[in-house]
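Asker: Here is a sequence together with a model predicted from it:
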Amino acid sequence: MRSKQLADRGSRRMNADEVLVGVRRIAGVCLVSALALGLGCRAKKLAEGAVTTGPMPAKTVMLADMMRELSEKPGFIDGFLKQVQGVQKGGGAALLTPKLVDRLREQIVGKDWQGLDRFPGWTMREINPTVRVVGHVAGKDEKVESSATAGGAPSAGVKEFLDLGPLAERTPGLVSLDKPSKGEGFVTSDYVASLGDGVVRGDGGNPARVGQHADSVRLAEVLNRLSLNAEPGAAAFEAEVGGKEAGSPEDLVRALVATGHQVMVADSRYFANFGHLHFNGQDVMMPFWVNSQIVVPGTRRGWFDRGRPLLVPVSHAEYEWFVRGPEVNAEVTFYFGIDGKAEWRTMDQMDQAWVMNHHAHEYTGADAVEVTRLSGEMVRTYLHLHAAHPKIPFGGYYAFGVCQDVVAAAELKLTGKTTLFPNTADASFFTDPADAEINGLIRAIPKDRDGKAPEPERIFGSLPVGTSDAELAQVSVPGLGQDLVAAHDAWTAGKLKRVDTGWRRWLWVGWVLVGVLVVIGWVRRRV
């Protein structure tokens, strides 16, 4: 009897040990599965599942289509990458850091065509460090690191960062706008160059605008020069139209209106074209894609899959002056470009059809005067920034902001809110007491430097189309329209979801491990 009890007890212990081994094996499988779940899902390509084919504007090809044909040609990839990093006449709109260039090269060499058509597809949190690192490597000066103020310093570097043409900063003068300019017309070779193999970089003239090129150049230079009148040491300069004289940019707009001219200023938005390339007579679609951290509705593939992120092309924003009247007929634009210049420029190149265009706001009367005044203030603010930080990389582009920042600041002043993304200006640079108004506006607009998910209103507001379903569906980039419609409908319905940044997935992993430990403890107690 005694021996039978011992045998039964031994049998139960053996069974319990077997159960415990089995539980441990299950725990191991659960642990490996949980880790695979936590790590494996992160490796999913951002562009996976995104539509990259579909209707496009006539005579337009995707970047990947061009690279399929040319990437095997000796030396082409290096030449191509060198060209897209260069600053074009006109200021450009996108910044390619060495890390981004490396990523572009990897996708071309690796023939990742789907990824190339959604390049780079990173969040602002991922893009920001690549720019900051370059800033340190390129040799920031002490003023950059300490964010010293310029203290109302004179506008050093005017010739480098402000186009004045024949006008001089310290020479008084009077320019009459009552007669057509005798300046040079639009010269295509100034903007367009052949790279060989059927590839051309740069956009030619817009037939509707090149006829007024000389007048537009003169108006831009006059507005830039008038902005300097408020600078210490600047000589008095005036512009005249219809017998009325003006000593500031805003006074010139008032004079134009008073002499029978129509002046409209548009807050204009486009998709940024970071390549401006043409291949065999066709436009090459080259957006710069950013992960908006919004989930495209309907793309969730499983219990742990939060869905595909909405990738959006970075937009380019600028203010555009349309002047029509008895004496002056010209069109000029204002923005801060990758050339480091915050200034008035001409706008008579032909935009590629896929970049589209939308006027988020149109200003006339007192509002047009106010936009002009603010732009003149920005001319001086950015000249002060260059004087205080002469060694900053990229002419201050990104650190002082991108094209969106100056437009967003003026939009905030005029409308009480801003609808642009991304904004990158580092507010610590904007400290010169002479520029208090612009400094305050730059500090007040939302920033996208810390990786915080941008507000949907800014994502949709930056697009070069309106926000109705019909307008969003007409976006020229293949597959993007349907993603935008789905995401916008979810936002207006209060059902928009953000991309999983990882913590939810690891929370599930944690719960799996806790459950395994509970089971093991329970079995031990039973044994």
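Answerer: Looks like it came in fine. Numbers count the residues shown, from 1 in each chain.

Asker: Can you read off the pLDDT for the residue found closest to Arg443 once you drop the neighbours it is linked to in the chain?
Answerer: Closest residue to Arg443 apart from its sequence neighbours, by CB to CB, 6 or more residues apart in numbering: Ala427 at 4.5 Å. All C-beta atoms are positioned from the backbone trio N, CA, C, and that covers glycine. pLDDT recorded at Ala427 is 94.

Asker: Ala427 - how many residues pack around it?
Answerer: Using other CB atoms under 10 Å, Ala427 has 16 other residues around it.

Asker: and the nearest residue to Phe400 once chain neighbours are set aside, backbone torsions?
Answerer: Nearest non-adjacent residue to Phe400, counting by CB to CB, 6+ apart: Leu385, 5.5 Å away. Taking degrees, to the nearest 10, you get phi -60, psi -40 for the backbone angles of Leu385.

Asker: how near is Leu385 to Ala342?
Answerer: 9 Å (CB to CB, to the nearest Å).

Asker: do Thr188 as well
Answerer: In terms of CB to CB, Thr188 sits 27 Å off from Ala342.

Asker: neighbour count winner among these two?
Answerer: Between Thr188 and Ala342, Ala342 has the larger neighbour count (other CB under 10 Å), namely 30 against 12.

Asker: Could you check the pLDDT of the more buried one?
Answerer: pLDDT at Ala342 comes out at 97.

Asker: And the one 4 residues further on, by the same measure?
Answerer: Thr346 carries a pLDDT score of 96 in this model.

Asker: and the closest residue to it other than its chain neighbours, helix, strand or coil?
Answerer: Setting aside the residues directly before and after it, Thr346 is nearest to Ser216 in space (CB to CB, 6+ apart), at 4.6 Å. On the three-state scheme (DSSP: H, G, I helix; E, B strand; the rest coil), Ser216 is labelled helix.

Asker: one step back: quick check: phi and psi on the residue nearest to Arg443?
Answerer: Given degrees, to the nearest 10, the pair of backbone angles that Ala427 has is phi -60, psi -20.

Asker: Dead centre of the chain: give me the residue that sits there.
Answerer: Val314 (4.0 Å; CA atoms, centre = their mean).

Asker: Go ahead and confirm that residue touches Val290.
Answerer: Yes. Val314 is within contact range of Val290, at 5.7 Å (criterion: CB atoms under 8 Å).

Asker: anything in contact with each of the two?
Answerer: Pro422 (CB atoms under 8 Å, 6 or more residues apart in numbering).

Asker: so Tyr335 makes contact with Glu320?
Answerer: No. If you go by CB under 8 Å, Tyr335 and Glu320 don't touch, sitting 9.4 Å apart.

Asker: The two: who's more crowded?
Answerer: Tyr335 (27 against 18).

Asker: residues in contact with the more buried one?
Answerer: 91, 316-319, 342, 345, 403, 406-407 are the contacts of Tyr335 under CB under 8 Å, 6+ apart.

Asker: what do you get if the cut-off is 10 Å, keeping everything else the same?
Answerer: By CB atoms under 10 Å, 6 or more residues apart in numbering, the contact set of Tyr335 is 90-91, 93, 268, 316-320, 341-345, 347, 375, 378, 402-407.

Asker: What of Asp197?
Answerer: 66, 69-70, 73, 76, 79-80, 279-280.

Asker: same question, Ser468
Answerer: 474, 485, 488.

Asker: Now render the residues you listed as JSON lines, adding pLDDT, secondary structure and distance to Lys497.
Answerer: Shown next, in JSON lines, are those (pLDDT from 0 to 100; DSSP: H, G, I helix; E, B strand; the rest coil; distance: CB to CB, whole Å):
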{"residue": "Gln474", "pLDDT": "93", "secondary structure": "coil", "distance to Lys497": "25"}
{"residue": "Val485", "pLDDT": "96", "secondary structure": "helix", "distance to Lys497": "16"}
{"residue": "His488", "pLDDT": "97", "secondary structure": "helix", "distance to Lys497": "13"}
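
Asker: Show me the shaky parts of the protein.
Answerer: Residues of the chain meeting the criterion pLDDT under 70: 1-53, 86-95, 132-157, 302-305, 500-516, 519-527.

Asker: Helices of the stretch 101-250 of the chain, residue ranges please.
Answerer: 113-116, 124-137, 142-146, 158-161, 213-227, 249-258 (DSSP state H, counting those that start in this stretch).

Asker: Comparing the ones you listed, which comes out most buried?
Answerer: helix 213-227 (a mean of 25; mean count of other CB atoms under 10 Å).

Asker: and that helix, what other elements does it pack with?
Answerer: strand 173-176, strand 237-241, strand 244-246, helix 249-258, strand 315-324, strand 330-336, strand 342-346, helix 365-388 (3 or more CB pairs under 10 Å, 6 or more residues apart in numbering; DSSP states H and E).

Asker: for the longest one, the distance to its chain's centre please.
Answerer: Taking CA atoms, centre = their mean, to the nearest Å, one finds the center of helix 365-388 at 21 Å from the center of the full chain.

Asker: Over to the third one?
Answerer: Distance of strand 244-246 from its chain centroid, counting by CA atoms, centre = their mean, is 38 Å.
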